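Undergrad: sequence and computational prediction follow.
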Amino acid sequence: MTTMKQPPMMLQLGMELAYHLCRIVLGAVLIYASINKISNPEDFAKIIHSYQILPEEMINLTAIILPWLELITGLFLIFQLWMPGTVLLTNSLFMVFIAAILSALLRGLDIDCGCFSTSGGKGSMNMITFFRDFSFVMMALFLLKVTFFPKEIRLSFLREN
């Protein structure tokens, strides 16, 4: 039987810190993003409509459900509840967000991203928006790797016996 060599303690601590930092940052981002949308679903529906992706019939339902999904997912991340499902949902959300932003940018739409506010100015989406959300995708992918493949990166704090 081959034994795995343990990573240096500092590397392990760094990975654990990165895991918790990503979890808390993404949780806070999702919670913050949900607050204005929950209180202004009509304005959020207008922003969703401006992306020109969803059929009209799905816009209002999405404007109501998506912010609550962001809020619940953010809370689950921060409090480390049901992490496998939460991490999958987090990755799904951020993949959809980055795809919508990229789609709008590639089509030259001059719209507000609606990421954190429903009252933003017209045309505020740009490549900075894309790279900001891309950084969220990278953090979410890191959580996915750590959650589902902890042995590959030798993180004992996530292993179950």
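TA: Received, thanks.
Undergrad: mind listing what's buried in stretch 66-77?
TA: For stretch 66-77, the neighbour count (16 or more other Cβ atoms under 10 Å) marks 66-67, 70-74, 76-77 as buried. From N, CA and C alone the C-beta is placed, and that goes for glycine too.
Undergrad: OK, contacts around the most centrally placed residue in the chain?
TA: Of all residues in the chain, the one closest to the mean position by Cα atoms, centre = their mean is Phe94, 3.9 Å from it. Counting by Cβ atoms under 8 Å, 6 or more residues apart in numbering, Phe94 makes contact with 26, 133, 136-137, 140.
Undergrad: pull the most distant pair out of those.
TA: Leu26 and Asp133 (11.3 Å; Cβ to Cβ).
Undergrad: and the two? Which one has more around it.
TA: In this view Leu26 and Asp133 are compared by other Cβ atoms under 10 Å, and Leu26 has more residues nearby, 26 against 21.
Undergrad: pretty sure Thr129 sits against Cys113.
TA: Yes: in this structure Thr129 lies within contact range of Cys113 using Cβ atoms under 8 Å: 5.1 Å.
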